[in-house]
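>>> pasting the structure only:
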Ligand code: SF4
């Protein structure tokens, strides 16, 4: 398999075959994101992708494939169909293909196109909401509005493709901490995804948000303020059925909860942690990572 640069994938795709179909992110403009700053976006040629699939076909059954990099749904529909059809043809035991997507790319596909992708094996789309607060989205230069995020989520769900949404604790700084958390919970409820992954902001040197931090324009919430955000977010979430995880290595308090069933239990735990304010209850700083 030929990979260009560092490869990123959702934690839940840890056991999947990672097939790099694009290099980098076509937008590459979110102020907090360092992932693809070092590379120029391109869509790989079918010949390059075919070579990787041919090689993977000798590995034996592969139930899950993840299409990298940052926003591979941007691939034009005929090319994506060609990739999915070839995967289906060559990979034995294939049950699900996953992909990262931007809301604007989802909205460029009509319902028939999304349903066609679903029929060819696209089973899950990972979408970065980061925040449900319009001012936070503007400040971090996310390339979609809250309204677009909600419409994209509804379209994915209508096509019967599973949806996993990522949110970012701390990204509103201390100033917008409460509104960021409350609005994110409300917007997540409207999106009503099957999965939510909450990460905590870790500022990487050299990113635009690092500049804001150094200049004092952004002040990061402390660990207990981040957990307070998590609590406000969860309190504002009303899901049909969702697996909500904050067990990513960036977080101080790892949770894995089925909502709505376990919502109260999670809130009770968060209240307890905030009451005791004992650092020993948190993931140690040296164990936090992106
Ligand atoms: S859209 Fe995603 S991959 Fe691209 S810059 Fe923003 S956070 Fe990074």
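On my side now, so go ahead. Fair warning: this is a prediction, and the values are worked out from it, not measured in the lab. Numbers count the residues shown, from 1 in each chain.
>>> need the residues of the stretch 51-200 of the chain near the ligand, please.
70, 71, 102, 128 (C-beta under 6 Å from any ligand atom). Backbone N, C-alpha and C define where each C-beta goes, glycine included.
>>> what's the burial count for the third one?
Taking other C-beta atoms under 10 Å as the criterion, the count of residues near residue 102 is 23.
>>> Now do the contacts for the closest residue to it other than its chain neighbours.
In space, and not counting its chain neighbours, residue 102 is closest to residue 71: 4.7 Å by C-beta to C-beta, 6 or more residues apart in numbering. Applying C-beta atoms under 8 Å, 6 or more residues apart in numbering, we find residue 71 in contact with 22, 25, 26, 27, 100, 101, 102, 105.
>>> where's residue 280 relative to residue 273, distance?
Going from residue 280 to residue 273 by C-beta to C-beta, to the nearest Å gives 11 Å.
>>> Helix or strand for the residue of the stretch 51-200 of the chain found nearest the ligand, just tell me which one.
In the stretch 51-200 of the chain, the residue that lies nearest the ligand is residue 70 (3.4 Å; C-beta to the nearest ligand atom). In the assignment (DSSP states H and E), residue 70 maps to no helix and no strand.
>>> Does residue 3 touch residue 20 like I think?
Yes. Applying C-beta atoms under 8 Å, one finds residue 3 in contact with residue 20, separated by 5.3 Å.
>>> Settle it for me: which of the two has more neighbours?
Under the neighbour definition other C-beta under 10 Å, residue 3 and residue 20 were set side by side, and residue 20 has more, 20 against 13.
>>> got a list of what the nearest residue in space to the more buried one that is not next to it in sequence touches?
With sequence-adjacent residues excluded and distances taken as C-beta to C-beta, 6+ apart, residue 20 is closest to residue 68, at 4.7 Å. Neighbour list for residue 68: 7, 8, 9, 18, 19, 20, 21, 22, 100 [criterion: C-beta under 8 Å, 6+ apart].
>>> Please state the backbone phi and psi of residue 68?
The phi and psi values for residue 68, taken as degrees, to the nearest 10, are phi -100, psi 170.
>>> And for the one 4 residues further on?
Backbone dihedrals for residue 72, given as degrees, to the nearest 10, come out at phi -70, psi -10.
>>> for residue 126, same thing?
phi -100, psi 120.
>>> Identify the residues contacting it.
Here residue 126 is in contact with 10, 98, 99, 100, 101, 164, 165, 166 (criterion: C-beta under 8 Å, 6+ apart).
>>> what pLDDT does the spatially most central residue of the chain get?
Centroid check for the chain by C-alpha atoms, centre = their mean gives residue 166 as the closest residue, at 3.7 Å. Note on residue 166: pLDDT of 97.
>>> And for residue 282?
Taking residue 282 on its own, its pLDDT is 88.
>>> got a list of what it touches?
223, 227, 252, 253, 273.
>>> redo that, cut-off 10 Å
223, 224, 226, 227, 251, 252, 253, 254, 273, 288 (C-beta atoms under 10 Å, 6 or more residues apart in numbering).
>>> secondary structure class for the residue nearest to the first one when sequence neighbours are not counted?
I take that to be residue 223. Spatial nearest neighbour of residue 223, chain neighbours left out: residue 252 (4.6 Å); criterion: C-beta to C-beta, 6+ apart. Under DSSP: H, G, I helix; E, B strand; the rest coil, the three-state class of residue 252 is coil.
>>> so what sits against both of residue 3 and residue 20?
By C-beta under 10 Å, 6+ apart, the residues touching both residue 3 and residue 20 are 52, 68, 69.
>>> Which one of those is nearest to residue 246?
Closest to residue 246 out of those is residue 68 (23.6 Å), distances taken as C-beta to C-beta.
>>> And stretch 129-144, how far out from the chain middle?
Distance of stretch 129-144 from the chain centroid (C-alpha atoms, centre = their mean, to the nearest Å) equals 14 Å.
>>> What residues of it count as buried?
Counting neighbours by 16 or more other C-beta atoms under 10 Å, one finds that the buried residues in stretch 129-144 are 129, 130, 131, 132, 133, 136, 137, 139, 140, 142, 143, 144.
>>> ok, the residue of the stretch 51-200 of the chain closest to the ligand to residue 202 distance?
For residue 70, the distance to residue 202 - C-beta to C-beta - is 18 Å.
>>> what do you get for residue 10?
Counting by C-beta to C-beta, the gap from residue 10 to residue 202 is 17 Å.
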